[in-house]
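**Q** what follows is a predicted structure for the sequence shown.
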Amino acid sequence: MELLRFRKRFVDKHQLLSKIHEILPTSAVEIRRFGREGPLSLWIEVQSLLRLSTFLNQDSELQLDLLEHLSVAEFEKVLVGSYFLRSYQTQEQLILRISLIPAASEGWVEVDSVVSVWPMAEPMEREMQEMFGIRFLGLPVGPRFLPEYQGFVLRKGALPGAFT
Amino acid sequence: MIEGLEWIDWKLGPYHACLPAPMVLRLKLNVDTIVQCEVETGFLYKGIEKIMETRSWQAAMVYADHLDPEAAIFGELVFCMAVEEIMGLCIPPRAQFVRMILAELSRIVSHLAFLVRIAKTVHSEVILHYLLRDREKILDLFELLTGARFSLNFLRFGGVCTDMTEGFLERVLEICDNVHIRMREYNDLFIFNDRFLNRTLCLGVLKPEWVLGCGVTGPNARASGFSWDVRKQNALMGYEMLDFAIPVGTGIRGFLGDVHDRVVVRLEEMAQSAEILKQLIETVPSGEYLQEGYAHLKSVPAGEAYVRIESARGVLGCHLVSDGSSSPLRVHFRPPSVGHLMVFPALCEGLSSEDLPLVLASLDIGIAEVDR
């Protein structure tokens, strides 16, 4: 295998936007740098997550074939999901971001699972499903981490020690 | 399933002699051959990330230590780097060197612990004691520098807690020489040992497509032929000025990515870590060990960062979000062991039940990272 040397490669903004515009004209909400000098982060509509993920994974130039990390953070009762994508071959990076608003403090929210695109998403989605109450549609059923816990542990309103 | 055959259901765990950590394995067996395996975790869940959200920035560091008790420095390091990334903080060169020395020593410690588990599963009591003896020497060094043997709590935002203790570097150099001497013994006991080869060659082959599909990283991926190492990709870690090789599996004696390759890659990585340490000791710069004004950090500016490093088990990431307050808004680690655990059921299919502990040990799954 080819040795991947030092390089920090980020997806070209204009190229990416034009490609997305061709396929899903209304999917991209906002595009900006992640952190101080990080890769591009692409805020998208929740409904277009699966289609866009499939495109990013299968595009011959981008080849974003690794979902390195799936993280969820709660900002003022809005759940923000961040999909940290990377290409094995080119080491290019991109972050897909979605926002989900639960109807109630203990309510579920739904989003498509990306397991069909990136199989490594399964344990990450399962964890986020249980910890944040995000139901990933299409995620295979598996055992719970904390079957005795009531509520969603990592939401801001969760009380420590609320075990049955 | 084939009709007419009877399957045996076998539940192992959460606590069992053949398991390296608390987990449940639900196996379906055809006489002695594993047909299906399901893994259940969560028995060690500590809520580290949730607790970190309720602590001050510096106190949160203590919990980052508990991410992987065997190599605690990596949890500290990735958390520190994420905070420094948000703040745009550059650390003094001397502090960078101390961090790298601790990281490489921890890598050797973690790999020695891996070899101990492998030796235990193949019932090689002699090797086990040799390995533990050598690991103790490095833990003594940690104690000399930090006062602790496992949870070091030594890094600070902007550098390290204190300067190096007198005589520390000389003893690190002794460890490096010792590793090179011991490597010959380990080669005799592992690589040139027929009994060990019979158990490990062509067993538990981790196919490249599984590496890609499950996001396997670190020595396990390298043993399957992928020469990925974040130390060669992330300039923040400071390894760009060092000359070292990335050992990869060759499958020359068995199959590429078998248990034997995973052991050999870790042995070679220990030798490479000793080389890195020698280079570091030769060029340790003088100067400050902590950026001035950051000894008692009260708050971090609003922002977020995602940082990844090469821990002993693979790529360890940290997504950190700050809202400008006195504690983190969100800390989320990306532990390498999640991918290793995901690939384990696939490796089990067709395996004899007696080889199960060996294959499990060879993946070096840190369950504390998974159930964090």
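**A** On my side now, so go ahead. Bear in mind that the values here come from a model prediction, so they are computed numbers and not experimental data.

**Q** so what's the residue positioned nearest the centre of chain A up against?
**A** By Cα atoms, centre = their mean, chain A has its centre lying nearest to residue A:83, at 2.8 Å. Shown in contact with residue A:83 (Cβ atoms under 8 Å, 6 or more residues apart in numbering or on different chains): A:53, A:67, A:69-70, A:95-97, A:114. In this view, the C-beta of every residue, glycine as well, is placed from N, C-alpha and C.

**Q** okay, and the beta partners of it?
**A** For residue A:83, the beta-bridge partners under DSSP bridges are residue A:70, residue A:96.

**Q** and it, how far is that from residue B:136?
**A** Going from residue A:83 to residue B:136 by Cβ to Cβ, to the nearest Å gives 43 Å.

**Q** circling back: including distance to residue B:67, could the contacts of residue A:83 go into CSV?
**A** Listed next are the contacts of residue A:83 as CSV, based on distance: Cβ to Cβ, whole Å:
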residue, distance to residue B:67
A:53, 28
A:67, 21
A:69, 15
A:70, 18
A:95, 22
A:96, 26
A:97, 25
A:114, 25
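
**Q** for the residues you listed, which one is nearest chain B?
**A** Ranked by distance to chain B (Cβ to the nearest Cβ), the contacts of residue A:83 are led by residue A:69 at 4.1 Å.

**Q** so that closest one sits against residue B:319, correct?
**A** Yes: the criterion here is Cβ atoms under 8 Å, and residue A:69 meets it with residue B:319 at 6.4 Å.

**Q** identify the contacts common to these two.
**A** Contacts common to residue A:69 and residue B:319, judged by Cβ under 8 Å, 6+ apart, are A:82, A:84, B:306, B:332, B:334.

**Q** just the buried ones from the residues you listed, in PyMOL syntax?
**A** A single PyMOL command selects the buried members of these (16 or more other Cβ atoms under 10 Å in any protein chain shown):
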select buried, (chain A and resi 82+84) or (chain B and resi 306+332+334)
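
**Q** any chance of the shared contacts of residue A:69 and residue B:319 in CSV, plus distance to residue B:92 and pLDDT?
**A** Formatted as CSV, the shared contacts of residue A:69 and residue B:319 follow (distance: Cβ to Cβ, whole Å; pLDDT from 0 to 100):
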residue, distance to residue B:92, pLDDT
A:82, 31, 92
A:84, 30, 92
B:306, 24, 91
B:332, 28, 93
B:334, 28, 92
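
**Q** between the shared contacts of residue A:69 and residue B:319, which is closest to residue B:197?
**A** In terms of Cβ to Cβ, no member of the shared contacts of residue A:69 and residue B:319 lies closer to residue B:197 than residue B:334, at 35.0 Å.

**Q** bridged to the closest one, which residues?
**A** For residue B:334, the beta-bridge partners under DSSP bridges are residue B:317.

**Q** ok, now which ones touch it?
**A** So residue B:334 contacts A:68-69, A:71, A:84, B:308, B:315-319 (Cβ under 8 Å, 6+ apart).

**Q** okay, how far is it across stretch A:43-61, tip to tip?
**A** Stretch A:43-61 has an end-to-end distance of 21 Å (Cα to Cα, to the nearest Å).

**Q** contacting residues around that stretch?
**A** A:15, A:19-20, A:23-24, A:26-32, A:62-65, A:83, A:85, A:94, A:96-100, A:111-114, A:116-118.

**Q** make a ChimeraX selection of the buried ones in the residues you listed.
**A** In ChimeraX syntax, the buried subset of the contacts of stretch A:43-61 is picked out as below (16+ other Cβ under 10 Å):
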select /A:19,20,24,27,28,31,62,63,64,65,83,85,94,96,97,98,100,111,112,113,114,117,118
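
**Q** in strands only, show me the contacts of stretch A:43-61.
**A** Judged by DSSP state E, strands contain the following of those: A:28-32, A:83, A:85, A:94, A:96-100, A:111-112.

**Q** any idea how far chain A is from the closest residue to residue B:115 other than its chain neighbours?
**A** With Cβ to Cβ, 6 or more residues apart in numbering or on different chains as the criterion, residue B:115 has its nearest non-adjacent residue at 5.1 Å, and that residue is residue B:131. Separation of residue B:131 from chain A (Cβ to the nearest Cβ, to the nearest Å): 30 Å.

**Q** stretch B:251-267 vs chain A: in contact?
**A** No: using Cβ under 8 Å from any Cβ of the partner chain, we find that stretch B:251-267 stays clear of chain A, coming within 10.8 Å at best.

**Q** quick one: buried residues of that stretch?
**A** B:251, B:254-267.

**Q** likewise for stretch B:198-215?
**A** Buried, per 16+ other Cβ under 10 Å, within stretch B:198-215: B:199-200, B:203-206, B:210-215.

**Q** could you do stretch A:87-97 as well?
**A** Neighbour count says stretch A:87-97 has A:87-88, A:90-97 buried, by 16+ other Cβ under 10 Å.

**Q** what do you get for stretch B:54-67?
**A** Residues B:56-58, B:60-67 are the ones in stretch B:54-67 that count as buried (16+ other Cβ under 10 Å).

**Q** likewise stretch B:126-144?
**A** Under 16+ other Cβ under 10 Å, the buried positions of stretch B:126-144 are B:127-128, B:130-131, B:134-135, B:138-139, B:141-142.

**Q** what's the lowest-mean-pLDDT helix or strand in chain B packed up against?
**A** Taking mean pLDDT, DSSP states H and E as the measure, chain B has helix B:194-200 as its least confident helix or strand, at a mean of 82. Counting contacts by 3 or more Cβ pairs under 8 Å, 6 or more residues apart in numbering or on different chains; DSSP states H and E, helix B:194-200 is packed against helix B:259-282, helix B:356-362.

**Q** and the following helix or strand past that helix, how far from the chain's centre?
**A** In the C-terminal direction, the helix or strand that comes right after helix B:194-200 (DSSP states H and E) is helix B:208-214. Distance of helix B:208-214 from its chain centroid, counting by Cα atoms, centre = their mean, to the nearest Å, is 19 Å.

**Q** give the rounded mean pLDDT of helix B:208-214.
**A** For helix B:208-214, mean pLDDT rounds to 86.

**Q** other SSEs contacting that helix?
**A** helix B:337-348.

**Q** and the helix it packs on, how far from the chain's centre?
**A** Offset of helix B:337-348 from its chain centre (Cα atoms, centre = their mean): 16 Å.

**Q** would that helix count as contacting chain A?
**A** Yes: using Cβ under 8 Å from any Cβ, helix B:337-348 reaches chain A at B:338-339, B:341-342.

**Q** can you list contacts of whichever strand or helix holds residue B:306?
**A** Here residue B:306, judged by DSSP H and E, is contained in strand B:303-310. Contact with strand B:303-310 is made by A:34-36, A:38, A:68-69, A:71, A:73, A:82, A:84, A:95, B:74, B:77-78, B:81-83, B:85-86, B:103, B:218, B:229-231, B:234, B:236-237, B:315-322, B:334, as judged by Cβ under 8 Å, 6+ apart.
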